[in-house]
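> okay, predicted coordinates and the sequence, questions at the end:
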Amino acid sequence: MVRQLASTEHGVPVELYFFVNDIRWEYYEGIVSDVFDHLFAATKYFDLEIFENPASDDFRRAIRHKSLHDFADQQQ
């Protein structure tokens with residue numbers, strides 16, 4: 001089941017719900033993985049982009065990466 005939510009400044013959020021007639025978690029995970037693989041591949045066909053808000057770890061990595069580059073630039 002797919003649900004389109006109200007538009008935001010980042011685009012149109014979409015919720016995906018999956019129901020599998022099997023109790024094995026690995027089987028469910030494989031199906032969800034396949035669906036997302038197809039979804040990501042189809043975005044190019046429709047000229048769409050996937051957006052995900054960055055997490056605090058993303059900012060930490062970016063700051064650390066920038067600090068390393070700044071340090072390297074100062075050494076030259």
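Structure received. Because the structure is predicted, anything quoted here is derived from the model rather than measured.

> checking the residue nearest the centre of the chain next. Helix, strand or coil?
Note on the chain: the residue nearest the mean C-alpha position is residue 52, at 5.1 Å, using Cα atoms, centre = their mean. Here residue 52 is coil, with the state taken from DSSP: H, G, I helix; E, B strand; the rest coil.

> so how far is residue 23 from it?
The gap separating residue 52 from residue 23 is 30 Å, by Cβ to Cβ, to the nearest Å. All C-beta spots, glycine's among them, are computed from the backbone N, C-alpha and C.

> do residue 49 as well
Applying Cβ to Cβ, the value for residue 49 to residue 23 is 36 Å.

> now do residue 56
35 Å.

> where does this structure dip in pLDDT?
66-76 (pLDDT under 70).

> now the helices for it?
25-45, 56-75 (DSSP state H).

> in TSV: those, plus mean neighbour count and distance to residue 11.
Listed next are the helices of the chain as TSV, based on neighbours: other Cβ atoms under 10 Å; distance: least, Cβ to Cβ, whole Å:
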stretch	mean neighbour count	distance to residue 11
helix 25-45	11	11
helix 56-75	9	19
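
> is it possible to get TSV of those helices that adds distance to residue 1?
As requested, those are arranged in TSV below (distance: least, Cβ to Cβ, whole Å):
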stretch	distance to residue 1
helix 25-45	12
helix 56-75	30
